[in-house]
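J.: Predicted coordinates and the sequence they were generated for:
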Amino acid sequence: MKEARNPESVHAPVGRYVHQIEVSGENRLLFISGQVGMDSNGHVPAEPENQFRVALQNVLLNVEAAGFERTDVVKLITYVVSDIEPAARREALDGAFGDHMTTSTLIYVSRLAAPEYLVEVDAWAVR
């Protein structure tokens, strides 16, 4: 079972996430390696916003391939080299997850595995 919570003793979330998700009972866990903004044809868009959309799609493709659903995703860790407008980031998350909320961490880094990668997203899922 998964229960999302925002404790009253902690400030309200400042973005599109929840502070905690508790997992209890017998569950399957899925840890997804960092997904970059490269599509299945090897194309990497130049813009970080588009790379973010592709990386989220790659996360969802991994989720589906494992027999999980998008609502099973409980944690996203996003690494970015260059800025992504907050509105564009929220729009991409809404497009990928709809109303489903995850816990989330956003980390700015100096570079990723290759110079063309501007975004990478790790994900955890529980079913």
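T.: Yes, it's here.
J.: ok, residue 66 - how many residues close by?
T.: 14 (other C-beta atoms under 10 Å). Where C-beta positions appear, they are placed from N, C-alpha and C, glycine not excepted.
J.: oh, I was asking about residue 56
T.: 25.
J.: And the helix or strand where it lies, what does it pack against?
T.: Assigning secondary structure by DSSP states H and E places residue 56 in helix 48-65. Packing partners of helix 48-65 (3 or more C-beta pairs under 8 Å, 6 or more residues apart in numbering; DSSP states H and E): strand 29-36, strand 73-80, helix 86-97, strand 119-126.
J.: and the angle for the third one with helix 48-65?
T.: The one in question is helix 86-97. 20 degrees (axes from the mean of the first three to the mean of the last three C-alpha atoms, to 10 degrees).
J.: Helix 86-97 - what's its average pLDDT?
T.: What helix 86-97 shows for mean pLDDT is 96.
J.: The helix or strand just after that helix pairs with which strands?
T.: Next helix or strand after helix 86-97 toward the C-terminus (DSSP H and E): strand 103-108. Partners of strand 103-108 in the sheet, by DSSP bridges, are strand 73-80 (parallel).
J.: Next, the angle strand 29-36 makes with the partner strand.
T.: 20 degrees.
J.: Quickly find the element holding residue 21.
T.: Using DSSP H and E, residue 21 falls in strand 20-23.
J.: Buried residues in that strand, which are they?
T.: residue 21 (16 or more other C-beta atoms under 10 Å).
J.: got the CA positions of that strand in CSV?
T.: The C-alpha trace of strand 20-23 is given here as CSV (Å, rounded to 0.1, in the frame of the first residue of the first chain):
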residue,chain,number,x,y,z
GLN,A,20,6.5,11.7,1.7
ILE,A,21,5.0,8.4,0.5
GLU,A,22,4.9,5.5,2.9
VAL,A,23,5.0,2.0,1.5
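J.: Of the helices and strands packed on helix 48-65, give the one that comes closest to residue 9.
T.: Each of the helices and strands packed on helix 48-65 has some distance to residue 9 by C-beta to C-beta; the shortest is strand 73-80, at 21.1 Å.
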